[in-house]
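Undergrad: What shape does this take:
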Amino acid sequence: MTTAAAPIRAKQRPGDRVFSKSAVFAGSMILVTLAAVATFLIVQSIPAFVADSEDASILDSNFWAYVGPLVFGTIWAAALALLIALPISIGIALFISHYAPRRLASVLGYIVDLLAAVPSVVFGLWGIGVLAPAVQPIYTWLVDNLGWFPLFAGPVSGTGRTILTAALVLAVMIIPIITAISREVFLQTPVLHEEAALALGATRWEMIRTAVLPFGRPGIISAAVLGLGRALGETMAVAMVLSATGAITFQLLTSVNPSTIAANIALSFPEAYGINVNVLIATGLILFIVTFAVNAIARWIVARRAEFSGAN
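TA: Just a heads-up that it's a prediction; the model follows:
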């Protein structure tokens, strides 16, 4: 009667053990850091949730009435920015990956990567000094000719520092992020898929529509979420460009504009004291939750469409 031989276990090298434990430690630190940030925000926010105008001078009534317009302004500005930036970014990425000559594509790719490194304060200075004065006459024309449409209703802002201007600045800031990721995803499209579409008589655009875009859809969604996350959390550019009043309005061209959570924290924190600090930290917790919700929705969309993307 024979017995089964014991499996031979390969001896692990010291370098392998060090690398393995370092990788586990690095991965664990992400969870630890996230838990520490969440714990800090929750603990510091508890006093703000039950505070009223008597406890905090920054509140008019209660915390939820204070944070509501800020949440609206944050989501509205980021959504406008994404609506402007996404089609432009996809167009640039497709041009670089499938239309531009090799040398031009290399130069454009380098420029796009360089734009992603520009500090937000530079975009803010450009927005307040160049963009806002330049678009103000356009806003006046829109109000005069399209004022019947609710989004373009007047009276027009005299400075051009509106929620639409802030969204344009945010769009310029997130275009490099979305473009860079989309470009890399499009370049990963299997060549056989592209050649098969062309061999069946498809034009270049039909090949892109039937082979490249379906393959890159999860990557496009991921890029859009990263850009949206940048827009949701952007602080200095919005604080410098936007003339905020704290109102809830969908009008794009007036001087009555909602503020954003990040910009409000930056502008209000230097003068905050006592429970007011807790209120501002609590608005940061709300932004934290909004960002998590956006990422969860994006992951759900990607998971739902992954079986149809051809990228599995």
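Undergrad: Show me what counts as buried in stretch 116-134.
TA: Across stretch 116-134, burial judged by 16 or more other Cβ atoms under 10 Å covers 120, 123, 124, 126, 127, 128, 131, 132. C-betas here are computed from N, CA, C, even on glycine.
Undergrad: now the end-to-end length of that stretch.
TA: Terminal residues of stretch 116-134 are spaced 23 Å apart (Cα to Cα, to the nearest Å).
Undergrad: go on, stretch 240-258?
TA: Length of stretch 240-258, first residue to last, Cα to Cα: 14 Å.
Undergrad: Mind listing residues that contact that stretch?
TA: The contact list for stretch 240-258, computed with Cβ atoms under 8 Å, 6 or more residues apart in numbering, reads 68-70, 72-73, 76-77, 80, 121, 124-125, 127-128, 131-132, 139, 142-143, 150-159, 161-166, 169, 259-260, 263-264.
Undergrad: average pLDDT across that stretch?
TA: Over the span of stretch 240-258, the pLDDT mean works out to 85.
Undergrad: Next: stretch 178-188.
TA: 89.
Undergrad: Give me the contacts around that stretch.
TA: 85-86, 89-90, 92-94, 96-98, 109, 112-113, 116, 212, 215-216, 218-220, 222-224, 226-227.
Undergrad: Work out the gap between stretch 61-73 and the centre of the chain.
TA: Distance of stretch 61-73 from its chain centroid, counting by Cα atoms, centre = their mean, to the nearest Å, is 21 Å.
Undergrad: again but with stretch 17-24, I slipped
TA: Distance, stretch centre to chain centre, for stretch 17-24: 33 Å (Cα atoms, centre = their mean).
Undergrad: Next: stretch 269-277.
TA: That offset, for stretch 269-277, works out to 28 Å (Cα atoms, centre = their mean).
Undergrad: Pick out the residue closest to the middle of the protein.
TA: Geometric centre of the chain, nearest residue: residue 228, 1.9 Å, by Cα atoms, centre = their mean.
Undergrad: mind listing what it touches?
TA: Counting by Cβ under 8 Å, 6+ apart, residue 228 makes contact with 78, 82, 174, 294.
Undergrad: That one belongs to a helix?
TA: Yes: assigned with DSSP: H, G, I helix; E, B strand; the rest coil, residue 228 falls within a helix.
Undergrad: do you know how far the closest residue to it other than its chain neighbours is from residue 41?
TA: Spatial nearest neighbour of residue 228, chain neighbours left out: residue 82 (5.2 Å); criterion: Cβ to Cβ, 6 or more residues apart in numbering. For residue 82, the distance to residue 41 equals 25 Å [Cβ to Cβ, to the nearest Å].
Undergrad: can you check residue 61 too?
TA: 23 Å.
Undergrad: who has more neighbours, those two?
TA: Under the neighbour definition other Cβ atoms under 10 Å, residue 61 and residue 41 were set side by side, and residue 41 has more, 17 against 9.
Undergrad: Return the distance of that one relative to residue 260.
TA: Remark: distance between residue 41 and residue 260 (Cβ to Cβ) = 17 Å.
Undergrad: hmm, which of the contacts of stretch 178-188 are the buried ones?
TA: For the contacts of stretch 178-188, buried by 16+ other Cβ under 10 Å: 85-86, 89-90, 92-94, 96-98, 109, 112, 212, 215-216, 218-220, 222-224, 226-227.
Undergrad: picking that back up, check the residue nearest to residue 228 and give its pLDDT.
TA: You'll see residue 82 listed with a pLDDT of 93.
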